[in-house]
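Student: heads up, no residue letters with this:
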């Protein structure tokens, strides 16, 4: 295979060559422990602090010490929610949405078993959050509200600024999972009025295994790990220096390339989406057209299986996804699409295409050229499709 077209960038991204270059010295000649007293470690420590400033600029933080480096977006999410709950022990109510990442939903299911009351805010057909229900759900027992900035499967952006302004008036801690927003749209924690915000490096061309949590100065929370003094005692353990340095470099590059996402990448996404919808009469868009991150589209191909589409795409050298990589392996439709009320006939055939700044016009042309043959081939063997009449068979669900 001469070239593999990668359109699964919401699952992970290629490490930028400049990021890799910035990391390499910290595997070899600059291997000191940043917590050491000697100058060999101190030089490394200064690079960690430089990366902290770079990440702070990416999310609009006022102070670099408000950035805590973690091992992943999942750890950042857990640290935010469990840290706040550890402080507000007398409050037993958590608010989130039905379409959150498993890092939040799985945690909330565990909290329910532990006696917490969880309110799951629904979304509509376009994937938009019911903000009024969220506001009406806040009470004196609410310890934290955790809402994603952008959905990982549909790309739909939630009104976190409106939510943050409301919760600030109520004095309720607000956590934002911005893993799918970082590097794609501008983030400003002060405009959002959030107390905590999670990001993950491998979603914007940093390596896997490095994440960060923004913790606003004065936010009350307890650590969920205990050990040394690293990260001001908020996340003990010797720092992943190469990962941190790489995340800092990637954060700086992400800010530089934000305009490209809003122009060239968005146009590529729209052209791919329009071509898929125009070329297949049974194709439907999952999620609203306007309020999305610029790199993501989720298209449902009715009456065929998404997993089969992915296999045929893979044979053609194209990577896409049928949903979140963290919940793959299940034959059940995506929990996000179920929450949106997407019909069974298209939910099972839904494919997420997520682009990066490395995707080209030629890549989009190639996908649009191979998709008609794949869809037609699968329709011919579909138990829900009459290939002679070229129409769906009656379905009893």
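Tutor: Alright, I've got the coordinates. It should be emphasised that the depicted structure is a prediction, and the values quoted were computed from it without experimental measurement. Numbers count the residues shown, from 1 in each chain.

Student: Poorly predicted segments of the stretch 1-150 of the chain, please.
Tutor: Under the criterion pLDDT under 70, the flagged ranges of the stretch 1-150 of the chain are 1-2.

Student: Now do the strands in it.
Tutor: The residue ranges that make up the strands of the stretch 1-150 of the chain, judged by DSSP state E, counting those that start in this stretch, are 5-6, 67-70, 93-97, 117-121, 142-148.

Student: nearest to residue 157, of those?
Tutor: Put simply, out of the strands of the stretch 1-150 of the chain the one that sits nearest residue 157 is strand 142-148, at 9.3 Å, with distance taken as C-beta to C-beta. In short, each C-beta sits where N, CA and C put it, glycine included.

Student: quick one: the closest one to chain centroid distance?
Tutor: If you compare the mean C-alpha spot of strand 142-148 with that of the full chain, they lie 17 Å apart, counting by C-alpha atoms, centre = their mean, to the nearest Å.

Student: same question, stretch 190-201
Tutor: 13 Å.

Student: Could you work out the end-to-end span of that stretch for me?
Tutor: Taking C-alpha to C-alpha, to the nearest Å as the measure, stretch 190-201 stretches 21 Å from start to finish.

Student: how about it: buried residues?
Tutor: Using 16 or more other C-beta atoms under 10 Å as the test for burial, stretch 190-201 gives 192, 193, 194, 195, 196, 197, 198, 199, 200, 201.

Student: Next, the contact list for the fourth one, please.
Tutor: Looking back up the chat, that one is residue 195. 84, 173, 174, 175, 215, 216, 219 (C-beta atoms under 8 Å, 6 or more residues apart in numbering).

Student: can you do 10 Å?
Tutor: The neighbours of residue 195, taking C-beta atoms under 10 Å, 6 or more residues apart in numbering as the test, are 80, 84, 144-145, 164, 167-168, 172-176, 189, 214-221.

Student: related to what we said a few turns ago, so which of the strands of the stretch 1-150 of the chain is nearest residue 308?
Tutor: Between residue 308 and those, the tightest spacing by C-beta to C-beta is seen for strand 5-6, at 18.5 Å.

Student: quick one on the thing from earlier: looking at the strands of the stretch 1-150 of the chain, which is nearest to residue 378?
Tutor: Once the strands of the stretch 1-150 of the chain are compared by C-beta to C-beta, strand 5-6 is nearest, at 19.6 Å.

Student: Centre of the chain to that closest one, how far?
Tutor: Once both centres are worked out by C-alpha atoms, centre = their mean, strand 5-6 turns out to sit 19 Å from its chain's centre.

Student: Neighbouring strands of it in the sheet, and parallel or not?
Tutor: Here the strand partners of strand 5-6, with direction, are listed using DSSP bridges: strand 318-319 (parallel).
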